[in-house]
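S.K.: A structural model of the following input is requested.
(one chain, ligands or ions: 3)
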Amino acid sequence: MSTPVKKVPIHLQSSQNRLLIKNGKIVNEDDIIEEDVYVEDGIIKEIGRNLIIPGGTRVIDARGRYVIPGGIDPHTHFEFEFMGTTTVDDFYQGTKAAIAGGTTMIIDFAFPKQGESLLDAYYCYREKADSKVCCDYGLHVALTSWSDRVKEDMSILCSQHGINSFKTFMAYSFMLNDSELYSVFEHCKNLGAVPQVHAENGHIISKNVDKLLNKGVTGPEGHEMSRPEEVEAEAVNRACTIAHQVDSPLYVVHVMSKSAGFAIKQARERGVQVIGETLVAGLACDGSHYKNPCYNHLAAHVLSPPIRPDKTTPQFLMNLLAQDILQLTGSDNCTFNKNQKEMGAKNFSKIPNGVNGVEDRMSVIWEKGVQSGIIDPMRFVAITSTNAAKIFNIFPRKGCIAIGSDADVVIWNPNKTRIISAKTHHQAVDFNIFEGMECHGVPEYVIVNGRVCVDEEQLRAVQGHGKFVETPVFAPFVYDPEKLSDMRSAKNGTINEIELSNKLAKVSSISNILMVFKIHSLIDRTGAEGV
Ligand SMILES: NC(=O)NCCC(=O)O
Ligand SMILES: [Zn+2]
Ligand SMILES: [Zn+2]
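M.R.: Residues are numbered from 1 along each chain as shown. Ligands and ions are numbered 1, 2, ... in the order given. Here you go, the predicted model:
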């Protein structure tokens with residue numbers, strides 16, 4: 001006897017494959033147009049008015065909404081074994097939360113365990129992620145040592161496995177020295193890959209940690225005290241110098257301070273091809289939480305480089321994004337629960353480093369950037385999606401609303417608000433560093449490869465719906481500045497004339513050269529062209 005075939009009602013069948021988004025304002029990095037978007041089989045097939053579409057197509061009315069490319073978070077750590085424990089957001093929960101907030105692709109880091117080869121680390125991450133991801137994902141690979149074997153594996157990863165970026169460290173026990181960084185950057189340049197750097201001076205930090213612990217400073221406040229911003233800026237400057245010597249591009253991850261941002265500005269002015277990423281944590285959180293007497297509250301905010309005590313830093317970083325001195329934003333989502341953070345109860349240097357952000361990045365940046373008048377919706381799209389797609393060489397497949405692009409689309413209501421809370425977020429972590437923040441900008445629909453995964457604000461993410469996306473080498477954005485200038489929009493966003501007073505940032509180099517950088521009035525839009 002044959003099993004009766006269950007028939008899916010026709011309207012449900014077609015809504016999986018065909019979708020018309022009507023009456024919205026399409027925002028790309030360089031323009032805003034009022035046209036409809038037709039999606040079929042996961043791809044944007046048509047853009048225009050009065051489109052002729054097949055019967056049975058689901059229609060979403062986006063009147064009064066923006067239709068934007070899904071966010072690309074270039075910096076997450078799901079299922080990451082770090083500092084003696086593992087992050088609580090795995091590839092399922094992490095990507096589900098990403099989608100809830102309007103992010104439709106993440107790029108994580110394949111991290112080799114001690115003694116593990118880069119290739120094995122890559123296979124291990126593919127194994128962990130492939131069956132779990134609800135949205136597409138890519139991988140950077142972390143370099144925790146340097147050898148001929150590492151060099152060879154980098155070449156294989158680029159030529160055979162769709163990897164085009166490698167993260168190096170100037171801090172933590174696995175940091176590389178200057179000579180190793182020189183070799184890595186040079187090799188990346190030959191491969192057409194993007195060398196990334198975690199820029200903090202690890203030697204100074206470890207001296208400071210010892211000194212603080214000896215003085216009896218054991219609480220979480222010691223974390224920030226051991227890594228002041230000049231320690232970040234010195235490393236940024238040194239990494240830029242090394243990259244310049246070998247003529248390689250450089251991507252500085254998680255820029256968290258004014259001094260580091262300024263070091264990037266200076267490097268770009270002297271011709272270093274440096275790309276700067278900042279974090280939603282740095283754009284929204286200031287040092288006010290350092291006054292909180294609760295260990296758990298403080299420990300929950302510990303990440304590296306740290307959130308700066310200076311209250312003006314978040315807006316300063318947003319201004320750098322408006323100016324194109326920084327190009328993109330990540331979350332560095334690296335989440336540990338209360339009991340894991342308690343590993344550092346007697347010694348701040350043992351607090352697992354990391355915070356949340358993958359879910360809230362889009363709304364928080366909209367609130368702090370667009371709602372506050374520092375950037376316009378086009379620049380928002382550039383710093384949350386398009387630039388990541390360009391840097392990691394998946395543009396225009398991702399990062400824009402265009403015919404032929406993947407249908408990763410968000411229908412964004414700029415007038416709705418929501419209040420962020422750990423009680424309502426979709427992440428596994430038990431704390432939210434943006435707790436209580438009211439944000440304008442709500443993703444009412446999130447379409448992931450053509451599938452409606454947030455539907456009228458209801459999350460319907462599907463485990464395994466995402467795929468690994470290869471990132472090819474020699475991204476034009478990074479390696480071909482001429483093509484880049486054609487590709488790059490002249491519009492860098494409308495920004496308020498926020499006068500930043502001249503400030504002095506002291507940056508000391510490892511060789512005891514004291515450089516004093518004068519921070520110019522950074523917010524001069526016309527002056528930004530030459531940055
Ligand atoms: N940033 C942080 O504190 N944790 C994640 C690891 C890293 O990105 O350095
Ligand atoms: Zn890092
Ligand atoms: Zn990170």
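S.K.: from here on, contacts and neighbour counts on C-alpha atoms
M.R.: Will do.
S.K.: output the below-cut-off pLDDT ranges for this protein.
M.R.: Applying pLDDT under 70 to the chain picks out residues 1-16, 481-531.
S.K.: same thing but 50
M.R.: 1-15, 484-531 (pLDDT under 50).
S.K.: in this protein, what residue comes closest to ligand 1?
M.R.: Closest to ligand 1 within the chain is residue 303: 3.3 Å, counting by C-alpha to the nearest ligand atom.
S.K.: tell me the SS of that residue?
M.R.: Secondary structure, DSSP: H, G, I helix; E, B strand; the rest coil: residue 303 is coil.
S.K.: who in this protein is up against ligand 1?
M.R.: When proximity is defined by C-alpha under 6 Å from any ligand atom, the chain lies next to ligand 1 at 303, 304, 332, 334, 353, 354.
S.K.: what's the second one in contact with, if anything?
M.R.: With contacts taken as C-alpha atoms under 8 Å, 6 or more residues apart in numbering, residue 304 has the following neighbours: 353, 354.
S.K.: distance of it from residue 364?
M.R.: Applying C-alpha to C-alpha, to the nearest Å, the value for residue 304 to residue 364 is 20 Å.
S.K.: same question for the last one.
M.R.: With the distance defined as C-alpha to C-alpha, residue 354 ends up 18 Å from residue 364.
S.K.: nearest spatial neighbour of residue 468, chain-adjacent residues omitted?
M.R.: Nearest residue to residue 468 in three dimensions, chain neighbours excluded: residue 137, at 5.1 Å (C-alpha to C-alpha, 6 or more residues apart in numbering).
S.K.: just give me the neighbour total for the one you found.
M.R.: Using other C-alpha atoms under 10 Å, the number of residues around residue 137 comes to 24.
S.K.: send the alpha carbons of the helix or strand hosting it over as CSV?
M.R.: Following DSSP states H and E, one finds residue 137 within strand 136-142. The C-alpha coordinates for strand 136-142 follow below in CSV (Å, rounded to 0.1, in the frame of the first residue of the first chain):
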residue,chain,number,x,y,z
ASP,A,136,25.1,31.7,5.3
TYR,A,137,28.5,31.9,6.9
GLY,A,138,32.2,32.3,6.0
LEU,A,139,35.4,31.7,7.9
HIS,A,140,38.6,33.5,8.7
VAL,A,141,41.4,31.4,10.0
ALA,A,142,43.4,32.3,13.1
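S.K.: could you identify the helix or strand that succeeds it?
M.R.: Moving toward the C-terminus from strand 136-142, the next helix or strand (DSSP H and E) is helix 148-160.
S.K.: that next one to strand 136-142, inter-axis angle?
M.R.: In terms of direction (axes from the mean of the first three to the mean of the last three C-alpha atoms, to 10 degrees), helix 148-160 departs from strand 136-142 by 160 degrees.
S.K.: if we can go back for a sec, between the residues of the chain next to ligand 1, which is nearest residue 22?
M.R.: The nearest member of these to residue 22, counting by C-alpha to C-alpha, is residue 332 at 34.4 Å.
S.K.: I'd say the closest one and residue 279 touch.
M.R.: Yes - the pair residue 332 / residue 279 is scored as a contact, 6.8 Å apart, by C-alpha atoms under 8 Å.
S.K.: quick check: neighbours shared by the two?
M.R.: residue 254.
S.K.: helix, strand or coil: sort out residue 373 for me.
M.R.: coil.
S.K.: list the contacts for residue 180?
M.R.: Residues in contact with residue 180 (C-alpha under 8 Å, 6+ apart) are residue 146.
S.K.: any idea which element it lies in?
M.R.: Residue 180 is part of helix 178-191, with elements assigned from DSSP H and E.
S.K.: show me which residues of that helix are buried.
M.R.: When burial is assessed from 16 or more other C-alpha atoms under 10 Å, helix 178-191 yields the following buried residues: 181, 182, 183, 184, 185, 186, 187, 188, 189, 191.
S.K.: quick one: it to chain centroid distance?
M.R.: In this view, helix 178-191 has its centroid 23 Å away from the chain centroid, taken as C-alpha atoms, centre = their mean, to the nearest Å.
S.K.: next, give phi and psi for the residue nearest to residue 438 when sequence neighbours are not counted.
M.R.: Leaving aside its chain neighbours, residue 438 sits nearest to residue 419 (4.4 Å; criterion: C-alpha to C-alpha, 6+ apart). The phi and psi values for residue 419, taken as degrees, to the nearest 10, are phi -110, psi 130.
S.K.: please list all residues in contact with residue 419.
M.R.: Going by C-alpha under 8 Å, 6+ apart, residue 419 touches 435, 436, 437, 438, 439.
S.K.: and those, which two are the farthest apart?
M.R.: Using C-alpha to C-alpha, the contacts of residue 419 reach their maximum pairwise distance at 435 and 439, which is 11.0 Å.
S.K.: which residues are in contact with each of the two?
M.R.: With contacts defined as C-alpha under 8 Å, 6+ apart, the residues shared by residue 435 and residue 439 are 419, 420.
S.K.: neighbour-wise, which of those two wins?
M.R.: A direct count of neighbours by other C-alpha under 10 Å for residue 435 and residue 439 places residue 439 higher, at 22 against 13.
S.K.: so that one sits against residue 418, correct?
M.R.: Yes - with contact defined as C-alpha under 8 Å, residue 439 reaches residue 418; the gap is 5.5 Å.
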